[in-house]
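**Student:** starting from these lines, generate the structure:
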Amino acid sequence: MPNTKPNNAPVTSSVFVALVGRPNVGKSSLTNHLVGEKVAIVTQKPQTTRNRITGIITKGPVQYVLLDTPGIHKPRNRLDSRMTQTAAASLKDVDVTLMLFEPAGAFTDSELNMVEALRKAGPAIAVINKVDLLTDFATLEARKKQVEAFGVFDSVTAVSAKDGTGCEALFPLLGAYANPGPHYFDDEAFTDMPEKELVAELVREKALLYMRDEIPHGIAVTVESFKERPDQDLIDIQVEICCERKSHKGMIIGKGGQMLKKIASAARLDCEELLGARVNLQCWVKVREDWRDNDRMLDNLGFAKP
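**Tutor:** Okay, here's the model as predicted:
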């Protein structure tokens, strides 16, 4: 149907944006800041984002749809391969790509490969993140010149997803790539992720925050049951935390169950804020050996091939 509007009403448009970059460059933090809601979990550990996360912002007639992708890195198992493929496939689905860079340091091979992929993809904007860490203007200017030298990006801008510097200026830059047409999502929506998936991510975030480095990437979280009690402001949620080793199961549960209680208590508070209701959260731990290298288990755990 034609996109007709009453006289003097602005014509609606939408722009789909992929956020790509190395692990821990700040893609999820920037997504959350722009959306104004927590749609992507954030930790200091690399490869926190595993699936493509959708953040939605509607500003008047323009709807911005952000696709936060896993960090680009050299795959070490089949899960890593699927994550890398997800990031690469996202370039084909969008109107413009935001590639985030660290404010200093050498470019990784994975970053250089992504830059080459962008030469064959659609338009792209470079975003130098974490400018709050810089102490002098010359370092930022040097980085901008390095990125501009790639000859791939329509523009190069600098932001801090942490304190918000430069973030609002991204909207007019992205709006230039918007296509006239109806909005694809409700104007009040901030993500298309089901509530169950958001809950699973919140539990995984707490495990990443509280557990030792070698364990969290060997876990996956699925919501097995999500039931609202009739006539009560209470949701019963049962979650399975899957790990790769029996020894890891003991570490996740902790002495006297203390670690699992700590993870569940912190996640419950975030779930209650997300869902706007009281939550009874029960977490269970199950061993699935080498699930990150098993295609069938990856499918069952929701890590579909792009």
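
**Student:** for Gly164, helix, strand, or coil?
**Tutor:** Using DSSP: H, G, I helix; E, B strand; the rest coil, the secondary structure recorded for Gly164 is coil.

**Student:** ok, the closest residue to it other than its chain neighbours - contacts?
**Tutor:** Setting aside the residues directly before and after it, Gly164 is nearest to His33 in space (CB to CB, 6 or more residues apart in numbering), at 6.1 Å. Every C-beta, even on glycine, is put in place using the N, C-alpha and C of the backbone. Taking CB atoms under 8 Å, 6 or more residues apart in numbering as the definition of contact, the neighbours of His33 are 161, 164, 167.

**Student:** mind doing that once more with 10 Å?
**Tutor:** For His33, the contacting residues are 26, 55, 159-164, 167-168, 170, taking CB atoms under 10 Å, 6 or more residues apart in numbering as the criterion.

**Student:** please apply the same query to Ala106.
**Tutor:** Ala106 makes contact with no residue, according to CB under 10 Å, 6+ apart.

**Student:** using the three-state scheme, assign it.
**Tutor:** The three-state assignment at Ala106 reads coil, by three-state DSSP.

**Student:** pLDDT value on it, please?
**Tutor:** pLDDT for Ala106: 95.

**Student:** phi, psi for it please.
**Tutor:** phi -80, psi 150 (degrees, to the nearest 10).

**Student:** which ones among the contacts of His33 lie within helices?
**Tutor:** Of the positions in the contacts of His33, Leu170 sit in helices, assigned by DSSP state H.

**Student:** most widely separated two among the contacts of His33?
**Tutor:** Gly55 and Asp163 (18.9 Å; CB to CB).

**Student:** in this protein, what spans have low per-residue confidence?
**Tutor:** Regions of the chain meeting the criterion pLDDT under 70 cover residues 1-9, 41-52, 70-91, 213-217, 303-306.

**Student:** hey, where'd the strands end up in it?
**Tutor:** When secondary structure is read from DSSP state E, the chain shows strands at 13-20, 53-59, 62-68, 96-101, 124-128, 155-158, 179-180, 220-228, 234-243, 278-287.

**Student:** in JSON lines: those strands, plus mean neighbour count and distance to Pro194.
**Tutor:** Shown next, in JSON lines, are the strands of the chain (neighbours: other CB atoms under 10 Å; distance: least, CB to CB, whole Å):
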{"stretch": "strand 13-20", "mean neighbour count": "23", "distance to Pro194": "20"}
{"stretch": "strand 53-59", "mean neighbour count": "21", "distance to Pro194": "11"}
{"stretch": "strand 62-68", "mean neighbour count": "23", "distance to Pro194": "16"}
{"stretch": "strand 96-101", "mean neighbour count": "25", "distance to Pro194": "25"}
{"stretch": "strand 124-128", "mean neighbour count": "24", "distance to Pro194": "29"}
{"stretch": "strand 155-158", "mean neighbour count": "17", "distance to Pro194": "33"}
{"stretch": "strand 179-180", "mean neighbour count": "10", "distance to Pro194": "27"}
{"stretch": "strand 220-228", "mean neighbour count": "17", "distance to Pro194": "9"}
{"stretch": "strand 234-243", "mean neighbour count": "20", "distance to Pro194": "13"}
{"stretch": "strand 278-287", "mean neighbour count": "16", "distance to Pro194": "16"}
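
**Student:** from Leu30, how far off is Thr157?
**Tutor:** Distance, Thr157 to Leu30, by CB to CB, to the nearest Å: 12 Å.

**Student:** okay, and the common contacts of those two?
**Tutor:** With contacts defined as CB under 10 Å, 6+ apart, the residues shared by Thr157 and Leu30 are 98, 127, 167, 170.

**Student:** closest to Tyr177 out of those?
**Tutor:** For the shared contacts of Thr157 and Leu30, the minimum distance to Tyr177 (CB to CB) is 10.7 Å, reached by Leu98.

**Student:** got the contact list for the closest one?
**Tutor:** Residues in contact with Leu98 (CB under 10 Å, 6+ apart) are 17-21, 27, 30-31, 34, 66-68, 124-127, 129, 153, 157, 159, 170, 173-174.

**Student:** where's it relative to Ser110, distance?
**Tutor:** As for Leu98, its distance to Ser110 is 17 Å (criterion: CB to CB).

**Student:** can you check Thr139 too?
**Tutor:** Plainly put, Thr139 is 23 Å away from Ser110 if you go by CB to CB.

**Student:** which one's more surrounded, the two?
**Tutor:** Each of Thr139 and Ser110 had its neighbours counted (other CB atoms under 10 Å), and the higher figure belongs to Ser110 (18 against 14).
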